[in-house]
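Participant: The following block contains a protein sequence and its predicted model.
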Amino acid sequence: MARYTVSRRGASGPGAGGQYTYSTRADTAEEAVEKTAAKADRLHHRLNRGNTVLDPEPTDVTRID
């Protein structure tokens, strides 16, 4: 299993325009996008006080060997 980092931009709220990067282990880039989307939802729900909404389309997917 490879490690991937997936970056997304803040679409609205006080974090709009900011870049948020999450990493995970996955077999494919598509699986990494799905896994990091779930991780981002959990973290933003718990930590987000300003209602920042992330763009669902990643800006960058990088495989780390």
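Facilitator: Great, that's in hand.

Participant: Can you give me the distance of residue 6 to residue 14?
Facilitator: Going from residue 6 to residue 14 by Cβ to Cβ, to the nearest Å gives 22 Å. Yep, even glycine has a C-beta here, placed from its N, CA and C like the rest.

Participant: can you tell me which residues contact the residue lying closest to residue 16 once chain neighbours are set aside?
Facilitator: Of all residues not flanking residue 16 in the chain, residue 10 sits nearest, at 4.7 Å (Cβ to Cβ, 6 or more residues apart in numbering). By Cβ atoms under 8 Å, 6 or more residues apart in numbering, the contact set of residue 10 is 16, 17, 18, 19, 20, 52, 53, 54, 55.

Participant: circling back to that earlier point, give me the more crowded residue out of residue 6 and residue 14.
Facilitator: residue 6 (24 against 12; other Cβ atoms under 10 Å).

Participant: what sits against the residue nearest to residue 1 when sequence neighbours are not counted?
Facilitator: Nearest non-adjacent residue to residue 1, counting by Cβ to Cβ, 6+ apart: residue 25, 4.6 Å away. Residues near residue 25 by Cβ under 8 Å, 6+ apart: 1, 2, 3, 4.
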